[in-house]
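>>> Sequence below, structure please.
(4 chains)
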2 protein chains.
Amino acid sequence: MVTKDFVSAQEVAEKAGVSRSAVSRVFTPGASVSAATRRRVMDAAEALGYHVNHLARGLMTNESGIVCLIVSELGTPYRSSLIQALTQQLQLAGKIAMLINTDRSDGSVDRALRQAIRYRADASIILSGLPDKSITQLCLKSGQRLVLINRDDDQPGPLRINLDDQEAAGRILTAFLRAGCRQLAFANSEVGTPSLMARERGFVAAASALGIEVAVERHGSTGYEAGKVVAQRLLTRKERPDAIFCANDLMACGVMDAARHQFNMSIPDQLCVAGFDDIEQASWSSYDLTTFAQPVETLAREAVAFLAAAASTIDMGEVETLKLHAKLVWRGSIRGG
Amino acid sequence: MVTKDFVSAQEVAEKAGVSRSAVSRVFTPGASVSAATRRRVMDAAEALGYHVNHLARGLMTNESGIVCLIVSELGTPYRSSLIQALTQQLQLAGKIAMLINTDRSDGSVDRALRQAIRYRADASIILSGLPDKSITQLCLKSGQRLVLINRDDDQPGPLRINLDDQEAAGRILTAFLRAGCRQLAFANSEVGTPSLMARERGFVAAASALGIEVAVERHGSTGYEAGKVVAQRLLTRKERPDAIFCANDLMACGVMDAARHQFNMSIPDQLCVAGFDDIEQASWSSYDLTTFAQPVETLAREAVAFLAAAASTIDMGEVETLKLHAKLVWRGSIRGG
DNA sequence: TTGTAAGCGTTATCAG
DNA sequence: CTGATAACGCTTACAA
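Residues are numbered from 1 along each chain as shown, chains lettered A, B, ... in the order given. From the prediction side, this is the model:
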């Protein structure tokens, strides 16, 4: 066993010739210490390599400074960019991120939240999956804040940040029609995430309001390979689509590659494509994909701001929902412009 | 202020009609409790929504169960896939990952390590940047384990996991020559990370051993855009390269896109390209890039295994280095095969 | 097997 | 401004 040997405030106090409380005060933001004492304590701390034990501090203050990020498929471009933004904002706010990967097995979001409780996280941000109502209640009752990102849930208590997926779908429909497209299609996965389904519903609904039918195909998880498969199915239909709106950019990339390399189609001449998320690859010249940008920075900022505010005043009963605008990023995968 | 109101072992004990130590024992893996007591405690705990406070436990046991992941550019495909693998392995080993983003400002790796110390992390895994020698020493002295991934450092104490970058470079050279390439080039960034430089050096050295000169160009950070710029520079040289080895896949994608869309070159007919990392995009049909696979899973497994072993027996003085093999993934961006 | 009591490293309260 | 002293929620001898 490695001998864990962290320096304690006690040792610093002895070396500096003051009481432990003096040491504590030196490292507590708003405390009154004389310049002289502070100096001596700091010197002693520096020499000994002392660092406040946040575990013990959390025990006293009831604030661990920990925020749990609960994520699946975190290797995905969109997810990882969101994590990046969130960790950055959290650190700026003096918090630290605990990352829980829920890729394996079912009910794992609940397990993750239990971990969050064990470590007395001040808050949890859920980027994927949907927790059981009972466990969310437990979190809230324990005084833990909750943020749900892109999960259209109706539970009261947590902050819910969503995009205007449906409206976005309507906007892209207009763009397709303006480009002269007639055979519309939607490429989705079988995952059935609320936001994904909202995009599909919005697109289909907007079209049918104009008396237009949409070919919908769903397959696999929301990734590149699934996009390819869906494209194969769509493009071999009797009525071959000339416009495909994809549930996300990853699928859109798959759709474009299949259309080009397997069906020798030219984009946007023979086929218009749009995606969602505006991942980095969407801007790569091989794809040059028209898509909707997730306001990742805003999203992260809002989430963290909520957590910070939570420390002071939040009306717990209030159902808090934030609807952000997905900005259309126009590129070359749709004719016209 | 939100009233933090977590349930304590005390309350469970009262409800179950036992002592708090009994409760503690029920939740301690190897402890002796009668089936009857266990049952009553579990019931009470369930009813009250009790969860062991890991902060307090860590205080006693000197094992927080926390492992810090210190990362920059975590939105990048390679980095995020590594984080995914690491969090998964850590969770499998009963540990939990704390994620520290070091994108901003200099010396931030040191700051990150200090955070790790404050939270009494059992270990830290550094995926980017290089910590100051003094702070590494502090970590080691405090009994914290350290793992450096792909940072060719010589400090004793930490586990260092590296790839055989140089040899890999030699292998790709052979592939280029076999494909009949004559004008070789290396596309690098200005970042100067050890592993990136090792790839460059290995390639140039292997070539010059055969009397062949390599055109080296470096620009920006190791991403797609930098790849484009470097390609522009390389492909406008009098002696236009017919083979480019890129420091990583992201740059390779940029290089390919520039070659195709700005120079109308056909790959691999007029230009052979190779990358490093085997990110997901390398397998997309638009790129179909020959590259070296980072053994991400193995890497994560080894790192975590080291941390687990560290708990029992590790010769601290021993300089531990692990050199993993980068497997060549053959795809269509090099002629022949 | 169980309970009692001590201690882990902090911060908060309250005298001085 | 400073120093005792009491928590915080847990584990772990030690004794029963």
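
>>> pLDDT below threshold where in chain A?
Low-confidence segments of chain A (pLDDT under 70): A:1-3, A:310-319, A:337.

>>> at 90 what do you get?
Along chain A, the parts satisfying pLDDT under 90 run over A:1-5, A:29-33, A:104-108, A:128-143, A:151-158, A:307-320, A:336-337.

>>> Show me where it has its strands.
Along chain A, counting by DSSP state E, strands occupy A:66-71, A:96-101, A:123-126, A:145-149, A:159-163, A:184-188, A:214-218, A:243-246, A:272-274, A:291-293, A:320-324, A:327-329.

>>> Show me which residues of chain A sit near DNA strand D.
By C-beta under 7 Å from any atom of the strand, the residues of chain A that approach DNA strand D are A:18-22, A:25, A:32-34, A:36-37, A:56, A:59-60. Heads up, the C-betas are built off the backbone N, CA and C, glycines and all.

>>> Pipe those into TSV and attach distance to chain B and neighbour count per row.
Formatted as TSV, the residues of chain A next to DNA strand D follow (distance: C-beta to the nearest C-beta, whole Å; neighbours: other C-beta atoms under 10 Å in any protein chain shown):
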residue	distance to chain B	neighbour count
A:Val18	21	18
A:Ser19	21	14
A:Arg20	16	14
A:Ser21	19	12
A:Ala22	19	20
A:Arg25	17	17
A:Ser32	22	6
A:Val33	20	17
A:Ser34	25	9
A:Ala36	25	8
A:Thr37	22	17
A:Ala56	6	16
A:Leu59	5	16
A:Met60	10	8
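
>>> which pair in those residues spans the largest distance?
Spanning the widest gap among the residues of chain A next to DNA strand D are A:Ala36 and A:Leu59, at 30.1 Å by C-beta to C-beta.

>>> Which ones among the residues of chain A next to DNA strand D lie within helices?
Those of the residues of chain A next to DNA strand D mapping onto helices are A:Arg20, A:Ser21, A:Ala22, A:Arg25, A:Ala36, A:Thr37, A:Ala56, A:Leu59, A:Met60, per DSSP state H.

>>> Just name the closest of those to B:Cys68, please.
Among those, A:Ala56 lies closest to B:Cys68 (C-beta to C-beta), at 18.0 Å.

>>> Contacts (any at all) between chain B and stretch A:116-135?
Yes. Using C-beta under 8 Å from any C-beta of the partner chain, we find that stretch A:116-135 touches chain B at A:Ile117, A:Arg118, A:Tyr119, A:Arg120.

>>> Not counting sequence-adjacent ones, nearest residue to the third one?
The shortest distance from A:Tyr119 to any residue other than its chain neighbours is 4.9 Å, reached at B:His54 (C-beta to C-beta, 6 or more residues apart in numbering or on different chains).

>>> what's the answer for A:Pro268, then?
What sits nearest to A:Pro268 in space, not counting adjacent residues and going by C-beta to C-beta, 6+ apart, is A:Arg335, at 4.6 Å.

>>> Quick check, A:Gly17 in contact with A:Arg40.
Yes. Using C-beta atoms under 8 Å, A:Gly17 is in contact with A:Arg40, at 7.1 Å.

>>> what's the spacing between the residue in chain A positioned nearest to DNA strand D and A:Ala22?
Residue nearest to DNA strand D within chain A: A:Ser32 (2.4 Å; C-beta to the nearest atom of the strand). Separation of A:Ser32 from A:Ala22 (C-beta to C-beta, to the nearest Å): 11 Å.

>>> A:Arg171 too?
Going from A:Arg171 to A:Ala22 by C-beta to C-beta gives 62 Å.

>>> One more: A:Arg182?
Using C-beta to C-beta, we find A:Arg182 at a distance of 78 Å from A:Ala22.

>>> what does A:Ala215 give?
Computed as C-beta to C-beta, the A:Ala215 to A:Ala22 distance reads 73 Å.

>>> so A:Ile126 touches A:Arg151, yeah?
Yes. Taking C-beta under 8 Å as the definition, A:Ile126 is a contact partner of A:Arg151 at 6.6 Å.

>>> Looking at those two, which one has more neighbours?
More crowded of A:Ile126 and A:Arg151, by other C-beta atoms under 10 Å in any protein chain shown: A:Ile126, with 27 against 21.

>>> neighbours of the residue nearest to the more buried one when sequence neighbours are not counted, just the number please.
Spatial nearest neighbour of A:Ile126, chain neighbours left out: A:Ile70 (4.7 Å); criterion: C-beta to C-beta, 6+ apart. Neighbours of A:Ile70 under the rule other C-beta under 10 Å: 26.

>>> cool, A:Gln166 as well?
16.

>>> Pull the contacting residues for A:Leu210.
A:Leu173, A:Leu177 (C-beta atoms under 8 Å, 6 or more residues apart in numbering or on different chains).

>>> I figured A:Ser142 hits B:Ser8, correct?
No. With contact defined as C-beta under 8 Å, A:Ser142 does not reach B:Ser8; the gap is 11.3 Å.

>>> who has more neighbours, those two?
The residue with more neighbours, out of A:Ser142 and B:Ser8, is A:Ser142; 19 against 15, by other C-beta under 10 Å.

>>> dump the residue contacts of that one.
The contact partners of A:Ser142, taken as C-beta under 8 Å, 6+ apart, are A:Ile117, B:Lys4, B:Asp5, B:Phe6, B:Val7, B:Gly49.

>>> let's go with 10 Å and repeat that
A:Ser142 makes contact with A:Ala116, A:Ile117, A:Arg120, A:Ala121, B:Val2, B:Thr3, B:Lys4, B:Asp5, B:Phe6, B:Val7, B:Gly49, B:His51, according to C-beta atoms under 10 Å, 6 or more residues apart in numbering or on different chains.

>>> ok, now A:Ala44?
By C-beta under 10 Å, 6+ apart, the residues touching A:Ala44 are A:Val7, A:Glu11, A:Val12, A:Ala13, A:Glu14, A:Lys15, A:Ala16, A:Gly17, A:Val18, A:Val23, A:Val26, A:Tyr50.

>>> PyMOL command to pick out the buried ones of these?
Typed into PyMOL, the line below selects the buried ones among the contacts of A:Ala44, using 16 or more other C-beta atoms under 10 Å in any protein chain shown:
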select buried, chain A and resi 7+11+12+13+15+16+18+23+26+50
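
>>> Distance check, A:Val296 against DNA strand C.
Distance of A:Val296 to DNA strand C, given as C-beta to the nearest atom of the strand, to the nearest Å: 34 Å.

>>> The residue nearest to that residue when sequence neighbours are not counted: neighbour count?
Once flanking residues are discounted, A:Val296 sits nearest to A:Ala85: 4.8 Å by C-beta to C-beta, 6+ apart. By other C-beta under 10 Å, 22 other residues sit near A:Ala85.

>>> Report the contact partners of A:Ala85.
With contact taken as C-beta under 10 Å, 6+ apart, A:Ala85 is in contact with A:Gln294, A:Pro295, A:Val296, A:Glu297, A:Thr298, A:Leu299, A:Ala300, A:Arg301, A:Ala303, A:Val304, B:Gly75, B:Asn101.

>>> same thing with A:Gln166?
Counting by C-beta under 10 Å, 6+ apart, A:Gln166 touches A:Ser195, A:Ala198, A:Arg199, A:Glu200, A:Arg201, A:Gly202, A:Phe203, A:Ala205, A:Ala206.

>>> Then A:Ala31?
Listed by C-beta under 10 Å, 6+ apart, the contact set of A:Ala31 reads A:Ser21, A:Ala22, A:Ser24, A:Arg25, A:Arg38.

>>> Relative to A:Leu159, how far out is the fourth one?
Taken as C-beta to C-beta, the spacing of A:Arg25 relative to A:Leu159 amounts to 35 Å.

>>> This completes my enquiry, with thanks.
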